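Quick check, what structure comes out for this input:
(one chain, ligands or ions: 1)
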Amino acid sequence: MDKNSLTRRQFITTVSSGALSAAVAAVPATRLCAQTTQSKSGHAEGQTHSEKSSAIPDFLEIEVSGDAFEQGVAHGEAVREYIVPYHGTSLRKKFERSPKAKGAIEQAMAYLDKSFPDLVKEMRGIAHGAKMDFRDIVLWNYCRVLAAYPAGCTNFALRQTQVGPALCGTVDGAPPRYRPYPLFIQRFKPRKGYRLLASVLPGTIWVEKAINEYGLACGNSGISTTDVQPRGLPFHTTYRQALLNCRNVEEAARFFGGISQICFGGIFVFVDATGNALSIEKSPTRQVVLRTTENWVGSANVFTTPSLREIMTKTPKQIKESQGRRETMANFAAKVGTSASMDDLLAFNRSHGSPAAICRHGGKDGSHTRESYVLLCRERRMLASTRGYPCKAEIHSFSL
Ligand SMILES: [Zn+2]
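The predicted structure follows:
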């Protein structure tokens, strides 16, 4: 265990008057637990905790307020040293001669300018703060629709536990050692809309997992479909907008019904402080809201409803793996009932259980779990693992 990492925490705060520089102050970290044991599942686990680069902090926290541009500038300044080497101009080089990319940006900007102009201002702010080309930031935010970014993730909401309604989940992708940036936590204090605590991919207007001041929490699982379109809201921005505007799951479902254009598909899992939960299966052209009388709602990277399954572009191997994770969720829910403890929730994210692991180390479809979260609706709190597989990574607590 790297004891030095326990005290390494950067808290960056911006002032709402619009000052563009960030003040940095150290605050003590809260470490809840650290799992250092090796997997017993037989996964190929060659990596150890030391795979993390010591030059990159475990996480960054930033609080953004002010108008959309000011929020973007604070974001860009905070993560510049990570997003520039991460993608820099590589996306532009990849797509600059692509009519698809050019068309995607033009269509995306036309839609956002008309329907969500603040999001354009925020991306301009990110570009300004990071000293990057605005077009590169737009490309980065639309990379999924340009097929430049893989999709993975598990979400598992329990309506009742010992610690109230909760959402567990992971973010999957390339092996953790390839992620050259810290876990990036943003607190949004918007002039209009509800306060929000979210993990964010640096340089994007996306969120990965998020909870708002009313305890409404959401995560998503991306799923490619035949109707992917180069216009509309970036997929991960959709539920950030919902959390900025909704207090509970039913309001979120209505909000989604009013979004006419989204550029990519997937499943959004919502749970709120009253213990209601639902999932929304959505592609650019289709949407189904699924409510439940059971204690859990979950998502992997496979649709469950026929009208959306028929337009998925997943391979049989990917579908089988995702269905395995859904079965693991069902088994876990049956085992814990309505009395899951905090340890149970953390154990879910670390699970290498059957028939499919939640903490993934490559395996059949090559996905690796590099972040994990437990969102506690009543406490408005997020527990997040830092860089590394959940079964090995440290977990820190962030409160709204
Ligand atoms: Zn693991």
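
give me the number of residues near residue 81?
15 (other CB atoms under 10 Å). In short, each C-beta sits where N, CA and C put it, glycine included.

Quick one: residues in contact with stretch 168-179.
47, 51-53, 150, 152-158, 199, 208-209, 219, 269, 345, 348-349, 358-360, 362, 367-375, 387-390, 393 (CB atoms under 8 Å, 6 or more residues apart in numbering).

residue boundaries of the helices in the protein?
With DSSP state H as the criterion, the chain has helices at 68-86, 90-95, 99-115, 117-130, 134-141, 235-245, 249-257, 306-309, 316-336, 342-350.

weakest of those in terms of mean pLDDT?
Confidence, taken as mean pLDDT, is least for helix 90-95 of those (a mean of 68).

how close does the closest residue to residue 116 other than its chain neighbours get to the ion?
With CB to CB, 6 or more residues apart in numbering as the criterion, residue 116 has its nearest non-adjacent residue at 6.9 Å, and that residue is residue 233. Distance, residue 233 to the ion, by CB to the ion, to the nearest Å: 33 Å.

got a list of what residue 233 touches?
Applying CB under 8 Å, 6+ apart, we find residue 233 in contact with 111-112, 116, 119, 241, 259, 261-263.

Could you dump those residues into TSV with distance to the ion and neighbour count added?
Shown next, in TSV, are those (distance: CB to the ion, whole Å; neighbours: other CB atoms under 10 Å):
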residue	distance to the ion	neighbour count
111	40	19
112	38	25
116	38	18
119	35	22
241	33	19
259	35	16
261	38	16
262	32	23
263	32	24
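
And the contacts of stretch 168-179, which of them are buried?
47, 52, 152-158, 199, 208-209, 219, 269, 345, 348-349, 358-360, 367-375, 387-390, 393 (16 or more other CB atoms under 10 Å).

which of those residues are close to the ion?
Near the ion, judged by CB under 5 Å from the ion, the entries from the buried ones among the contacts of stretch 168-179 are 359, 389.

can you pull out the strands in the stretch 151-300 of the chain?
Using DSSP state E, counting those that start in this stretch, the strands assigned to the stretch 151-300 of the chain run over residues 154-158, 166-173, 183-190, 196-199, 209-212, 217-223, 265-271, 277-282, 287-291, 296-299.

Make TSV from the ones you listed and add distance to residue 73 and mean pLDDT to it.
As requested, those are exported to TSV (distance: least, CB to CB, whole Å; pLDDT from 0 to 100):
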stretch	distance to residue 73	mean pLDDT
strand 154-158	31	98
strand 166-173	26	93
strand 183-190	13	93
strand 196-199	18	96
strand 209-212	21	97
strand 217-223	26	94
strand 265-271	29	95
strand 277-282	31	97
strand 287-291	34	96
strand 296-299	34	98
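
Quick check: residues of the stretch 251-400 of the chain near the ion?
Taking CB under 5 Å from the ion as the contact definition, the stretch 251-400 of the chain meets the ion at 359, 389, 391.

Looking at those residues, which gets the smallest pLDDT?
residue 389 (92).

Could I get the pLDDT score of the residue lying farthest from the centre of the chain?
Going by CA atoms, centre = their mean, the residue of the chain most distant from its centre is residue 97, 30.0 Å out. Here the pLDDT value assigned to residue 97 is 70.

ok, now residue 49?
On the pLDDT scale, residue 49 is placed at 35.

May I see the buried residues of stretch 263-271?
Those buried within stretch 263-271 under the rule 16+ other CB under 10 Å are 263-271.

again but with stretch 189-201, I slipped
189-190, 193-201.

Identify the residue spatially nearest to residue 309, adjacent ones excluded.
Residue 309 sits nearest to residue 303 (CB to CB, 6+ apart), 4.8 Å away.

Residue 247 too?
Sequence neighbours aside, residue 214 is the residue nearest to residue 247 in space, at 4.2 Å (criterion: CB to CB, 6+ apart).

Relative to residue 221, how far out is that neighbour?
Residue 214 is 23 Å from residue 221, where distance means CB to CB, to the nearest Å.

Which one's more surrounded, these two?
residue 221 (27 against 18).

Identify the residues contacting the residue nearest to that one when sequence neighbours are not counted.
Distance criterion CB to CB, 6+ apart; nearest residue to residue 221, sequence neighbours excluded, is residue 299 at 4.2 Å. When contacts are counted by CB under 8 Å, 6+ apart, residue 299 touches 153-155, 219-221, 266-269, 279.

re earlier: to residue 166, which of the helices of the chain lies closest?
The closest of the helices of the chain to residue 166 is helix 342-350. By CB to CB, the value is 5.7 Å.

Show me what that closest one is packed up against.
Other elements packing on helix 342-350 under the criterion 3 or more CB pairs under 8 Å, 6 or more residues apart in numbering; DSSP states H and E are strand 166-173, strand 367-376.

got a list of what the nearest residue to residue 399 once chain neighbours are set aside touches?
Once flanking residues are discounted, residue 399 sits nearest to residue 381: 4.9 Å by CB to CB, 6+ apart. By CB under 8 Å, 6+ apart, the contact set of residue 381 is 211, 375, 397-400.

nearest to residue 323, of those residues?
Checking those against residue 323 by CB to CB gives residue 375 as the nearest, at 24.3 Å.

Need the pLDDT of that closest one.
With respect to pLDDT, residue 375 scores 98.

residue contacts, residue 297?
156-157, 159, 269, 271, 277-279, 290 are the contacts of residue 297 under CB under 8 Å, 6+ apart.

Can I get stretch 227-242 in CSV? Just the C-alpha atoms.
This file holds the C-alpha atoms of stretch 227-242, laid out as CSV (Å, rounded to 0.1, in the frame of the first residue of the first chain):
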residue,chain,number,x,y,z
ASP,A,227,-28.9,4.6,-35.7
VAL,A,228,-25.9,6.4,-34.2
GLN,A,229,-26.0,9.9,-35.6
PRO,A,230,-23.5,12.8,-35.7
ARG,A,231,-25.8,15.3,-34.0
GLY,A,232,-27.5,15.8,-30.7
LEU,A,233,-26.4,15.7,-27.2
PRO,A,234,-23.3,13.7,-26.4
PHE,A,235,-24.5,10.6,-24.7
HIS,A,236,-22.9,11.2,-21.3
THR,A,237,-24.1,14.8,-21.2
THR,A,238,-27.7,13.7,-21.4
TYR,A,239,-28.0,12.6,-17.8
ARG,A,240,-25.8,15.4,-16.5
GLN,A,241,-28.5,17.7,-17.8
ALA,A,242,-31.2,15.6,-16.2
